[in-house]
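J.: okay, sequence plus prediction incoming.
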Amino acid sequence: MGIVTGAGFSGVAGVLLRRAGQAVGVAVLVASLCFLVVRQLPGDAAFRIAAGRYGYDLVDQQAADAVRAELGLDRPAWRQLADWLLALGQGDLGTSLVTSASVAQEVGYYLLGTLQLGAVALVLAVALGGALGTLAARRPNGLLDRAVDGWVASVRALPPFLLGLLLILVFSVHLGWLPAVGHGDGVSVVLPASTLAIGLSGLFARVTRDTVVEIQRSEHVRFARTKGLGARLVLVRHVLRNAGVVLVPYVGVQAVTLIEGVVVVESLFGWQGLGHALVHAVFWRDVPVLQAAALVLALLVVGINTIVDLVGLWLDPRPRGRAVVS
Amino acid sequence: MSAALLPEVVRTHGVRRREPGRVLAALVLGALALFAVLGPLLLADPTSQDLGRYLEAPSPSEPLGTDEYGRSVLARLAHATRLSLVLGVLCVVTALVLGTASGILAASRGGWVDAVLRAVSEAFVAIPALLVVLLFSALAADGSLLTLYLGLALVQWVEYFRVVRAKAALILGGPAVEAASLLQLGRVHVLRRHLWPALRPLLLTLASLGMVTSILAMSTLGFVKVGLQPPRAELGLMVTEAFPFYDVAPWLALAPVTVLFLLTAGFLGLRHREVSP
Amino acid sequence: MTTLELHDVVVAHGDRRLVDVPHLALEPGRPVTIVGESGSGKSLLAHALMGTLASSLVVDGKLALDETLLHLGDRSNRRALWGRRIAMLPQEPALALDPTMRVLSQVAEGALGASRTTARSHAGAALADVGLAASARSFPHTLSGGMAQRVAYAAATIGGARALIVDEPSKGLDSGSVDRLAGLLRDHVGDGGLLLTITHDLRLAAALGGEVAVMREATVVESGDAVDVLGSPQHDYTRRLVDADPSRWRQPWQRTGWYSPGEAIVRAIGISKAYGATSVFADVDLHIRPGERVALSGPSGVGKTTLGNALIGLTPVDAGRVVREPSLAGGRVQKLYQDPTLSFPALVPIEVGLRDVSRRHRASASRVDELMAAVRLSPSLLARRPGEVSGGELQRIAIVRALLAEPRLVFADEATSRLDLLTQAGTIDCLMTELGEAALLMVTHDRALATAVADTHVELE
């Protein structure tokens, strides 16, 4: 039986190298999948794209053929893939098949919207989950702990679109406090960000609670107490920092869930972001936009994980023995 | 730890408690499975429209009322539940078998097999499942379930591979397996006595979570009307179609929402409490 | 001068008494050491004094610290004293230090009530006193066990507490570190401090001197001056305890001047091993002859286990070669591990694994029962899982398992380091009696054990 050891680079260089490799892998994967989509375009999809561009009345077989030629469907497959990947490598994202605008420009605009929403949601989720988890951990198996547990369980069972619908029903339709649709201003970000944040905070609360409970029982916290330090001081200085070491990687894990949620929530609330653009692009088979949106979203995940890794390195001075499974 | 302050005699040894939550979850899921199997056989045709019975409230003949095309909501619900469960099971089983086999292979062989598989999984892990499924559904002709199945199975394979490989590597590198190799006990013994007992609870948890992922991904796709289109009966699709009629016919949305919630809560409740994630 | 007295200490779980000690007194300048096996209640007594017992245990009794009389049942009344009047040195120092905080800060925070700069300069001085001024900016994971113990000592005593309680300080430490620790503790007492030490290590008790109390099953069976109790024990149990030290063993399997004419079964020629830039051992020559008993001893971290693993072929070497006789192949080399629980498949009953071994090595059906009887264990233990059996018993089952393969060489890697003295004596006795003609390679940090067991004793440093 063989024994597997992870090849180790350590420190900042290691993190950056690993994540760069991951980014490249992600880009190749997404691009290849999009290429497959292009290959699979049936006749009527090309027709539909042309129709989307010119309007159904004006479209005809000639226009559909023009679209097909534009995508270069008549060349051998492997050459197309090579060209496709090469174009991407050079940063050429192409033009939208529907609007004929530069994809880079459009995606840039949408990216801003997604970043706004994502940042607010993540901060809310970490704050909410962290606070609830810490409070629940002060008295394990007490009333608050069990209440938080139940709340976490029900939140996990709700898909983001249901949660969003529920919030819209309550806060927009019935109470009229918050707008359901809208973009850009402070108020209209509340509902979509909250939808995302509530979903994310569930796992975070559970993990925070477990971590804080375990750290409170650890030897070094006990020693700090017997040295004569007060409970409050021990919590802040010892418990929270060690908890941070364990919990920061979970923010990285949540990045994937965040992006998934972003796609749904943007569609539901009509928020102008990458998720919204992605869904539309799938529907219209607008492959350049589809590829760019999917790519940027996936690279966002890699980016968040990179930051998480670096923060983790700064917090925990111990050498990494094994590669962390994230 | 505080356990050190209790003498050896007082510590309870491996007491396994019956967890009532898991029993309840199993019962709920069993009932839904029964509904999904028997419903399509016994109930009315979900596609038959009867515009004269537009948005009828629940009645003895139609326990969940009718939708805006006069179709039986109950019948549609049964078909939708069956779709979610069958597709979910197919995806999970495929992914589980592939992921576990490749995970054990990577952990025991090491070398380039391990390196390649890990590199591939690293790339996949950063791409959210929903994204992959969306991309795959762009591949498909509208409404094709095959590509949906492929996309979901592919995404989940990666998860099982990573978890199984990590656990297997830990066990295979540990003193118990070293002792077994000194005792010349062979691969079958290591598999039966060391790997499988440790992996089994993990796999159950992963399978439960996998069902939740599949069902939620499908319903999300239905909700945004990508890959799954009307007139197919699918839970998310039913929710999105019901939403405009919320004020006049709330049961239309309530029925699929309830089933969705019961399915996901049920599968989440099946897991062992101690096993993470 | 500070004095500390305990009266009528009773710790109970349900209706079972775990500690029942009517009187214990600490005087300045005279260390008090409580010795005994695990389960005797000695650790519980120390924690009852400190107020750190688990809440599921019921405590009764009184503590008289100078003029103050405190009831032991109320755990909160001692919190104000922590660090200021009473300090405790924890069991495993490596775990007791916060891994994310530098050494100086951890020591400095024990200086209660002082300003930040004063605290830090005091901490610097304290670290210099224990010889660790260079480690002030280090993180705990870079420290060895002995160094971590000294840091913990500095951190615990900087608050100025006169009464010091030390709980099992020699766990995981090699004899050099234990000696240094004994010196530190004697200095503390020499300054007029009070010292209560809990340990199963009789050598530490002898080094500390003062008064020794022997605890067994919740009560003190003998107490008195260290020289008397350890030198000429009165009570039967104390006598057994004292005789359990390897240097006092008189076993039939012990031998001197042994010689074997045979060819070496393991020959290491000029072997070296390094992990990254750190060299573990270099250019080592070693032979093991048939039936020979070889001991590798030295402080922890010196590479004994690595060397042992290299000799039996579990770890490759970077330079040189290891020649093993062909008869050693096919399971004729077996290993005993420091933590036996980790060496068994954790989730299956022990007998299932043993049956696999019997089948593989074609042992007769009654062989397992024979061996279990030889190690004085009931066969019913085999129906349990490894985690449900105590460490000493499981190690003896591991011996049974190893012997089923009829080995020619047994590698005992710190196999008894985690056991207390009496259990260790019993386990080694079982092993050596059943070993028969097989050779033994023993790795240990206990030089007395190595000398008592081995024909050839190799000391590494």
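T.: The structure has been received and is ready for your questions. Residues are numbered from 1 along each chain as shown, chains lettered A, B, ... in the order given.

J.: okay, which residue is most central for the chain?
T.: Reading this off chain A. A:I259 (2.3 Å; C-alpha atoms, centre = their mean).

J.: let me rephrase: I mean chain B.
T.: Note: chain B centre (C-alpha atoms, centre = their mean) maps to B:M211, 0.5 Å.

J.: so that residue touches B:F267, yeah?
T.: Yes. If you go by C-beta atoms under 8 Å, B:M211 and B:F267 touch, sitting 4.5 Å apart. Every residue, glycine included, has its C-beta placed from N, CA and C.

J.: rewinding a little: which helix or strand lies directly C-terminal to the helix or strand the residue nearest to the centre of chain B falls within?
T.: Assigned by DSSP states H and E, B:M211 belongs to helix B:196-223. Using DSSP H and E, the helix or strand that follows helix B:196-223 in sequence is helix B:235-242.

J.: go ahead and name everything in contact with that following helix.
T.: Here helix B:235-242 makes contact (C-beta atoms under 8 Å, 6 or more residues apart in numbering or on different chains) with A:159, A:161-162, A:165, B:67-68, B:76-77, B:80-81, B:84, B:215, B:218-225, B:228-230, B:249, B:252-253, B:255-257, B:259-260.

J.: what angle separates the helix holding B:M211 from helix B:235-242?
T.: Angle, helix B:196-223 to helix B:235-242, by axes from the mean of the first three to the mean of the last three C-alpha atoms, to 10 degrees: 20 degrees.

J.: what packs against helix B:196-223?
T.: Helices and strands touching helix B:196-223, by 3 or more C-beta pairs under 8 Å, 6 or more residues apart in numbering or on different chains; DSSP states H and E, are helix A:160-167, helix A:240-269, helix B:73-109, helix B:129-139, helix B:145-172, helix B:235-242, helix B:251-269.

J.: the fifth one close to chain A?
T.: Yes. Residues of helix B:145-172 contacting chain A under C-beta under 8 Å from any C-beta of the partner chain: B:R162, B:V163, B:A166, B:A169, B:L172.

J.: so can I have TSV of those residues showing pLDDT and neighbour count?
T.: Below are the residues of helix B:145-172 next to chain A laid out as TSV (pLDDT from 0 to 100; neighbours: other C-beta atoms under 10 Å in any protein chain shown):
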residue	pLDDT	neighbour count
B:R162	88	21
B:V163	88	20
B:A166	89	18
B:A169	90	25
B:L172	92	22
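
J.: quick one: buried residues of stretch A:254-268?
T.: Within stretch A:254-268, the residues that qualify as buried are A:254-268, counting by 16 or more other C-beta atoms under 10 Å in any protein chain shown.

J.: got it, and stretch A:204-224?
T.: A:204-213, A:215-216, A:218-224.

J.: give me the neighbour count for C:P261.
T.: A count of nearby residues for C:P261, using other C-beta atoms under 10 Å in any protein chain shown, gives 6.

J.: for the residue nearest to B:L74 when sequence neighbours are not counted, what are phi and psi?
T.: Leaving aside its sequence neighbours, B:L74 sits nearest to B:L64 (C-beta to C-beta, 6 or more residues apart in numbering or on different chains; 4.3 Å). For B:L64, the backbone dihedrals are phi -120, psi 10 (criterion: degrees, to the nearest 10).

J.: repeat that for C:G313.
T.: Dihedral angles (degrees, to the nearest 10) for C:G313: phi 100, psi 10.

J.: what residues are up against it?
T.: C:V322, C:R324, C:V333.

J.: now render those as JSON lines, adding distance to chain A.
T.: As requested, the contacts of C:G313 are exported to JSON lines (distance: C-beta to the nearest C-beta, whole Å):
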{"residue": "C:V322", "distance to chain A": "19"}
{"residue": "C:R324", "distance to chain A": "20"}
{"residue": "C:V333", "distance to chain A": "17"}
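
J.: one step back: distance check, the residue nearest to the centre of chain A against chain C.
T.: 30 Å (C-beta to the nearest C-beta, to the nearest Å).

J.: do B:T205 as well
T.: Distance of B:T205 to chain C, computed by C-beta to the nearest C-beta: 16 Å.

J.: swap in A:S172?
T.: Remark: distance between A:S172 and chain C (C-beta to the nearest C-beta) = 45 Å.

J.: so what's the residue count around that residue?
T.: A:S172 has 16 nearby residues by other C-beta under 10 Å.

J.: correct me, but it touches A:V187?
T.: No. Using C-beta under 8 Å, A:S172 is not in contact with A:V187; the gap is 11.4 Å.

J.: who's in contact with B:L268?
T.: Going by C-beta under 8 Å, 6+ apart, B:L268 touches A:A153, A:R156, A:A157, B:A25, B:S208, B:L209, B:V212.

J.: what parts of chain A come near chain C?
T.: Residues of chain A lying near chain C (C-beta under 8 Å from any C-beta): A:218-220, A:222-229, A:237-238, A:241-242, A:245, A:315-319.

J.: just the buried residues from those residues, in PyMOL please.
T.: Only the buried entries of these go into this PyMOL selection, using 16+ other C-beta under 10 Å:
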select buried, chain A and resi 218+219+220+222+223+224+225+226+227+228+229+237+238+241+242+245+316+317
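
J.: which SS state does C:V59 fall under?
T.: Using DSSP: H, G, I helix; E, B strand; the rest coil, the structure places C:V59 in strand.

J.: give the contact list for it.
T.: Per C-beta under 8 Å, 6+ apart, neighbours of C:V59: C:V9, C:V10, C:V11, C:A48, C:L53, C:L72, C:G73, C:R75.

J.: and those residues, which is closest to chain B?
T.: C:L53 (5.6 Å; C-beta to the nearest C-beta).

J.: select from the contacts of C:G313 the one having the most neighbours.
T.: Using other C-beta under 10 Å as the neighbour test, the contacts of C:G313 are led by C:V333, with 25 neighbours.

J.: burial count for the one residue in the stretch 51-200 of chain C that gets nearest to chain B?
T.: Going by C-beta to the nearest C-beta, chain B is nearest to C:A54 of the stretch 51-200 of chain C, at 4.7 Å. Neighbour count for C:A54, taken as other C-beta under 10 Å: 14.

J.: quick one, phi psi at it?
T.: As for C:A54, its main-chain torsions (degrees, to the nearest 10) stand at phi -60, psi 150.

J.: next one: C:V458
T.: Per-residue torsions, C:V458: phi -100, psi 120 (degrees, to the nearest 10).

J.: low pLDDT regions in the stretch 151-300 of chain A?
T.: Scanning the stretch 151-300 of chain A for pLDDT under 70 picks out A:180, A:182-185.

J.: for it, which residues are neighbours of chain B?
T.: Within the stretch 151-300 of chain A, the residues that sit near chain B (C-beta under 8 Å from any C-beta) are A:153-154, A:156-162, A:165, A:169, A:217-219, A:222, A:256-257, A:259-260, A:263-264, A:267-268, A:278-279, A:282-283, A:285, A:287, A:290, A:294, A:297-299.
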